[in-house]
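>>> Build me a structure from this.
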Amino acid sequence: MFEELKNYCKKIVPLNEQELALINDHFEVLHLKRKSFLHQENSVCDFVAYIVSGTIRHFHTKDGDEKTCDISFDQAWVTDFASFNHQTPGKMNLQAMEDTTVYLVRKKNLAALYIACNKYETFGRIMAEQVAQRATDIAMSLSSDKPEVRFQNLLKTNPDLFQRVPQKYIANFLGVSPESLSRIRSRVLSKQKS
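Numbers count the residues shown, from 1 in each chain. Down below sits the predicted model:
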């Protein structure tokens, strides 16, 4: 069990079989149906989750409108870090865009895992750095790249994006209307064909 996560961990930190087996005692498997929530705003997020398969949309609500902040796919980590770190009600929603399976570790179990094997502290730091880098990349792209460039980058890293995520959420993430996204998509695809 948890083979995908164990393989991921081995790539980041040298762990022996006994150390890898600790994952079995500290993580749990969660299966989410499409449109169900992994986490909802105004509740405390007490976990970090690894997406085994599926897609999670990160969004918050402002003035009644949903604002998509990120879309995470297989082999990504998700949480509401502010809520997780401070154990305060979160502002982020984490919603499955398709049937999704995650391996989830609760805050108390993560602390116990760090005590059981200090190599997992290194793993946790590297994982947090990767999540922070992704947030930085998104912020920089939103502030400096045109929507067409952001779309091309998103498509490059997730070629099956439109089969997995409804267009309205992709448009929301890119900061454009669905109609503008259709025009951008047409231009990009016609350039690729020529």
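
>>> which residues of this protein fall in strands?
Counting by DSSP state E, the segments of the chain that form strands are 27-32, 37-39, 47-53, 56-62, 65-72, 77-78, 93-96, 100-106.

>>> State which helix of this structure is the longest.
Longest helix in the chain, counting residues (DSSP state H): helix 119-144.

>>> pLDDT of it, averaged?
Averaging the model's pLDDT scores along helix 119-144 yields 88.

>>> swap in stretch 53-64?
Averaging pLDDT along stretch 53-64 gives 94.

>>> what's the spacing between that stretch and its chain's center?
Relative to its parent chain, stretch 53-64 has a centroid offset of 10 Å by Cα atoms, centre = their mean, to the nearest Å.

>>> Need the contact partners of that stretch.
With contacts defined as Cβ atoms under 8 Å, 6 or more residues apart in numbering, stretch 53-64 is touched by 32, 38, 41, 66-74, 76, 78, 91-102, 164-165, 169, 172-173. (Glycine included, C-beta is placed from N, CA and C.)

>>> what would the strands of the chain look like in TSV with distance to residue 136 and mean neighbour count?
Putting these into TSV (distance: least, Cβ to Cβ, whole Å; neighbours: other Cβ atoms under 10 Å) gives the following:
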stretch	distance to residue 136	mean neighbour count
strand 27-32	27	16
strand 37-39	22	20
strand 47-53	18	21
strand 56-62	15	18
strand 65-72	12	16
strand 77-78	15	21
strand 93-96	20	22
strand 100-106	23	21
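
>>> would a markdown table of those with distance to residue 147 be doable?
Formatted as a markdown table, these follow (distance: least, Cβ to Cβ, whole Å):
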| stretch | distance to residue 147 |
| --- | --- |
| strand 27-32 | 29 |
| strand 37-39 | 28 |
| strand 47-53 | 26 |
| strand 56-62 | 18 |
| strand 65-72 | 14 |
| strand 77-78 | 24 |
| strand 93-96 | 23 |
| strand 100-106 | 27 |
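
>>> List the contacts of stretch 31-44.
30, 45, 47, 49, 54, 56, 60-61, 78-80, 83, 87-102.

>>> run the last query once more with 6 Å
Residues outside stretch 31-44 that contact it (Cβ atoms under 6 Å, 6 or more residues apart in numbering): 45, 80, 83, 87, 89-91, 93-96, 98-101.

>>> Tell me, what's the model's pLDDT at the closest residue to residue 104 other than its chain neighbours?
Nearest non-adjacent residue to residue 104, counting by Cβ to Cβ, 6 or more residues apart in numbering: residue 49, 4.5 Å away. We have a pLDDT of 96 for residue 49.

>>> separation between residue 49 and residue 11?
As judged by Cβ to Cβ, to the nearest Å, residue 49 and residue 11 stand 18 Å apart.
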